[in-house]
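Asker: What would the 3D arrangement of this be:
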Amino acid sequence: MTGEKKKKKIKKPRGTARLIPGKCIACGGRCEAACPAECITMNDQGEPVIDAAGCIGCKKCTKVCPAEAIEIHFTPEELQLLAEREQAGGTADEEEMDPEQARIAARLKEYRDVWVFVEQTEGEPATVSWELLGVGTRLARKLGVRLGAVVIGSGVENLCRESFAYGAEVAYLVDAPAFRHYRTETYRDAVCRLVNKHKPRVLLTGATGLGRDLAGAVATGLATGLNADCTELDVDDQGFLLQTRPAFGGNIMATIVTGRHRPQMSTVRPHVMPLPERDPDRTGEVVSESMTVNERHLAVEVLEIIRDTKGTDAVDVTAAEVIVAGGAGMQTKENFAILQELADELGGVVGATVTETEIWDCTTYGACVEHCPVFIEPLAKIIDMRRYLVETKAAFPHELLNFFENVENRGNPWGIAPPARAKWTADITVPEFAAGTTEYLYYVGCAGAFDSRSIQISRAIAKILDAADISWGTLGVDEPCCGDSMRRLGNEFEFERMVKKNIGLLREHGVRKIVVNCPHGYTTLKHDYRQFGGEFEVIHYSELIAELITAGRLKLKPTADLGRMVFHDSCYLSRYNGIYEALRRVIGAATGAPPAEMERHHESSFCCGAGGGRMWLEEDRGERINIARVREAAARNPDTVCTACPYCLTMFEDGLKDEGKMERIKTLDLTEVVIRALQ
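Answerer: Below you'll find the predicted structure:
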């Protein structure tokens, strides 16, 4: 070797994270969530406990700490190495790529092409798909990669040829009867499988009703970023997609880059991008992919298609250049004629609006779906609009900021330290669930574990299960939040992350049968988890108690101490799951008489006001729902109001207090009624 000897490179020591005493503000565990090495846990005071042996010195915890309460500590030996690095070449402060960054960089290189999802309805393509192929051609040329079209449906191979005519070089085709009609689950899974196999760097989707629904679901499934309603797309010299869209109500245009995740996903509204010239002589490669769909696992079955009337009154709002829209301010149907006159002058169409306030007012109690004579499902659309507001615009009521952070960081809505989840068992014996020997997992839920009033329900259930000699146990502090309110409030990304983790945990513990006390958790575990492969036998405690009474395993001595009893049907037990009579049979066995019914009951019951995540929101418009329901109950002159839901119980107790009736009317959960009659 000639010249100077090659200097030996001194590897920069990384140090370990250390808490600065007295500076932590118990923000909710941001450092714990950010730690890739999972070496941070939170104590009962909400402060981080850092396992120095597991720390990799990545500094992520220091960067997310709002109080700057964590520092990187170096040993004397490490400080000596830093000094030597500085002397060797002035590189003491030089940042080296940590293993996580290196892993991300290597993964990003695997993704190459630009894709466009070709939207179609019964074989009729959406024009926005061809518009996106036009901009996709420009992006692909700049990147030096191929432009691909994703075609999913039944009997839609002709759309591959049409995609070539608009610029696609390759078409990925999923053609099977199961994809004839659009369903979020089937299309999401198909796109995710294609992406995971072929690895495109960019995926573009039309910002139509279908496109928005699919794009959000795919982005969640792939754990990647999604920018909605982009008005301009380009790439920089590093190959990152530059996604420009209106921000802050359209006051500025923001250009957004997705740096760490692939594919980079964007939606674009119809007519934003120019329609490219069609060349029928263009050809390309068709890559056919076969996918099996298990209809039994799907939450949605298409029974019938009710088609829009095609005639002079038919309006395609998505294709209109000008929309004149009105909302609640128009007051009457007749006043929309004024809007029609303006639309006619402008060559546009008339549309309608819904305010964000109205979107968040919904309690998801389902009467609109059950009673609609033409089978419209506004509830699903409201949840979709919430998802759009939460995941795309970050626009949601201010109360939800703490709620979302608490669930994400602490695993419960109140932000209580996770070790406190088992405190409800402090002075009673609660068995631990054991795989292979325990029959039922008792899923306590967040309310049953943390809310002082609901804890009484949890204790009552434990006594009832023991009295019937049931084999049962809990997961203790390992029990996770089920995620119900996250999904109903539109935080789909976090919900799906929670579900996948929870299903893995339940399988790891060998859980097959689950007893639940909360109707919201019951619905989520029983139905929502199935969409992600979570097949469990989920039972509400009222069903189990009714079975035990019938089988003679639970002996009750009817008590009349509770006087005249009125029963309130929980929406998520009754309307969502059809559980009506088991509840009333239990009341009859415990009191010797059936309950009195409110004016609205069974299929026509009315909400308590806490569903759909409204439990965590203030109600400041009009008459409060729980007050209306309490007055309806009081009209029956009861001594006791009974329900079988912790949310309903809270809403009734609050309503009775506000109405000054708490001393005269008791509020009990069904388990508490059973306990009074238990022999």
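
Asker: State the mean pLDDT of the host helix or strand of Ile539.
Answerer: For Ile539, the host element (DSSP states H and E) is strand 537-540. Across strand 537-540, the average pLDDT comes to 95.

Asker: Over to stretch 430-444?
Answerer: pLDDT averaged over stretch 430-444 gives 94.

Asker: what does that stretch rub up against?
Answerer: Stretch 430-444 has contacts (C-beta atoms under 8 Å, 6 or more residues apart in numbering) with 421-422, 424, 458, 461-462, 465, 470-476, 479, 482, 506, 509-511, 513-517, 521, 525, 539. Just so you know, the C-beta spots here come from the backbone N, C-alpha and C atoms, and that holds for glycine as well.

Asker: at 7 Å instead, please
Answerer: For stretch 430-444, the surrounding residues in contact (C-beta atoms under 7 Å, 6 or more residues apart in numbering) are 458, 461-462, 465, 470-476, 479, 509-511, 513-516, 521, 525.

Asker: in its sheet, what does the strand holding Ile539 sit against?
Answerer: Sheet pairing for strand 537-540, assigned by DSSP bridges, gives strand 513-516 (parallel).

Asker: which of the residues in the strand it pairs with are buried?
Answerer: Across strand 513-516, burial judged by 16 or more other C-beta atoms under 10 Å covers 514-516.

Asker: Just give me the closest of these to Ala380.
Answerer: Val516 (23.5 Å; C-beta to C-beta).

Asker: Tell me who's in contact with the nearest residue to the closest one once chain neighbours are set aside.
Answerer: Distances taken as C-beta to C-beta, 6 or more residues apart in numbering place Tyr522 nearest to Val516, at 4.3 Å, with adjacent residues excluded. When contacts are counted by C-beta under 7 Å, 6+ apart, Tyr522 touches 516, 538, 540, 572.

Asker: Quick check, the third one in contact with Tyr580.
Answerer: No - with contacts defined as C-beta atoms under 7 Å, His540 does not count as touching Tyr580, sitting 11.9 Å away.

Asker: Between the two, point out the one with more neighbours.
Answerer: When His540 and Tyr580 are compared for neighbours, His540 comes out ahead with 28 against 17, by other C-beta atoms under 10 Å.

Asker: got the contact list for the more buried one?
Answerer: Contacts for His540 (C-beta under 7 Å, 6+ apart) come out as 516, 519, 522, 573, 579.

Asker: Mind doing that once more with 8 Å?
Answerer: Going by C-beta under 8 Å, 6+ apart, His540 touches 515-517, 519, 522, 573, 577, 579, 644.

Asker: Can you tell me how far it is from Ala589?
Answerer: To Ala589, His540 is 17 Å away according to C-beta to C-beta, to the nearest Å.

Asker: which regions of this structure sit below the pLDDT cut-off?
Answerer: For the chain, applying pLDDT under 70 flags the ranges 1-11, 89-101, 247-251, 307-316, 318-319, 373-375.

Asker: Need the buried residues of strand 513-516 in JSON lines (columns: distance to Thr332).
Answerer: Shown next, in JSON lines, are the buried residues of strand 513-516 (distance: C-beta to C-beta, whole Å):
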{"residue": "Ile514", "distance to Thr332": "50"}
{"residue": "Val515", "distance to Thr332": "51"}
{"residue": "Val516", "distance to Thr332": "45"}
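
Asker: Nearest to Leu143 among the residues you listed?
Answerer: Ile514 (48.6 Å).

Asker: Just list whatever residues bridge to the closest one.
Answerer: For Ile514, the beta-bridge partners are Leu441, Val538 (DSSP bridges).

Asker: which among the contacts of stretch 430-444 end up buried?
Answerer: 458, 461-462, 465, 470, 472-476, 479, 509, 511, 514-516, 521, 525.

Asker: what separates the closest residue to Ser290 other than its chain neighbours from Glu295, distance-wise?
Answerer: In space, and not counting its chain neighbours, Ser290 is closest to Ala176: 7.3 Å by C-beta to C-beta, 6+ apart. Taking C-beta to C-beta as the measure, Ala176 falls 12 Å from Glu295.

Asker: Comparing the two, which residue is more hemmed in?
Answerer: Taking other C-beta under 10 Å, Ala176 and Glu295 do not tie; Ala176 has more neighbours (17 against 9).

Asker: how about that one, what does it touch?
Answerer: Per C-beta under 8 Å, 6+ apart, neighbours of Ala176: 154, 290-291, 293.

Asker: got it, and Gly592?
Answerer: Neighbours of Gly592 in contact, by C-beta under 8 Å, 6+ apart: 558-560.

Asker: how about 6 Å then?
Answerer: Pro558 (C-beta atoms under 6 Å, 6 or more residues apart in numbering).

Asker: Start the count at 119 instead of 1 going forward.
Answerer: New numbering, starting at 119: the last item is Gly710.

Asker: could you pull out the helices for the stretch 319-468 of the chain?
Answerer: Along the stretch 319-468 of the chain, the segments classed as helices by DSSP state H, counting those that start in this stretch run 327-340, 454-464.

Asker: Grab the CA positions of the shortest one and hand them over as CSV.
Answerer: If I follow you right, that is helix 454-464. Only the C-alpha atoms of helix 454-464 are listed here, as CSV (Å, rounded to 0.1, in the frame of the first residue of the first chain):
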residue,chain,number,x,y,z
PHE,A,454,-84.0,22.8,-3.4
ALA,A,455,-85.8,24.1,-6.5
ILE,A,456,-83.9,27.3,-6.1
LEU,A,457,-80.6,25.3,-6.3
GLN,A,458,-81.9,23.5,-9.4
GLU,A,459,-82.5,26.8,-11.2
LEU,A,460,-78.9,27.9,-10.4
ALA,A,461,-77.6,24.5,-11.5
ASP,A,462,-79.4,24.8,-14.8
GLU,A,463,-77.9,28.2,-15.4
LEU,A,464,-74.4,26.8,-14.8
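
Asker: For the most centrally placed residue in the chain, give its distance to Glu509.
Answerer: The chain has Glu610 as the residue nearest its centroid, 2.3 Å off, counting by C-alpha atoms, centre = their mean. For Glu610, the distance to Glu509 (C-beta to C-beta) stands at 6 Å.

Asker: and what of Pro637?
Answerer: 26 Å.

Asker: okay, the two: which has more neighbours?
Answerer: Neighbour totals were compared for Pro637 and Glu509, and Pro637 leads with 27 against 19 (other C-beta under 10 Å).

Asker: so which helix or strand takes in the nearest residue to that one once chain neighbours are set aside?
Answerer: Nearest non-adjacent residue to Pro637, counting by C-beta to C-beta, 6+ apart: Tyr690, 3.8 Å away. In this structure, Tyr690 is located outside every helix and strand according to DSSP H and E.

Asker: Any figure for the gap between Tyr690 and Leu497?
Answerer: From Tyr690 to Leu497 the distance is 13 Å (C-beta to C-beta).

Asker: More neighbours: which of those two?
Answerer: Counted by other C-beta under 10 Å, Tyr690 and Leu497 do not tie: Tyr690 has more neighbours, with 29 against 19.

Asker: got a list of what the more buried one touches?
Answerer: 637-638, 641.

Asker: May I have the phi/psi pair for it?
Answerer: Phi and psi for Tyr690, reported as degrees, to the nearest 10, are phi -80, psi -10.

Asker: gap between Glu156 and Val525?
Answerer: 19 Å.

Asker: if you count what's nearby, which of these two comes out ahead?
Answerer: Taking neighbours as other C-beta under 10 Å, Glu156 and Val525 compare with Val525 leading, 25 against 9.

Asker: contact partners of the helix or strand hosting the more buried one?
Answerer: Using DSSP H and E, Val525 maps to helix 517-528. Helix 517-528 is contacted from outside by 146-147, 151, 531, 533, 599, 609, 612, 734-735, using C-beta under 6 Å, 6+ apart.

Asker: Any figure for the gap between Ala337 and Ile621?
Answerer: From Ala337 to Ile621 the distance is 20 Å (C-beta to C-beta).
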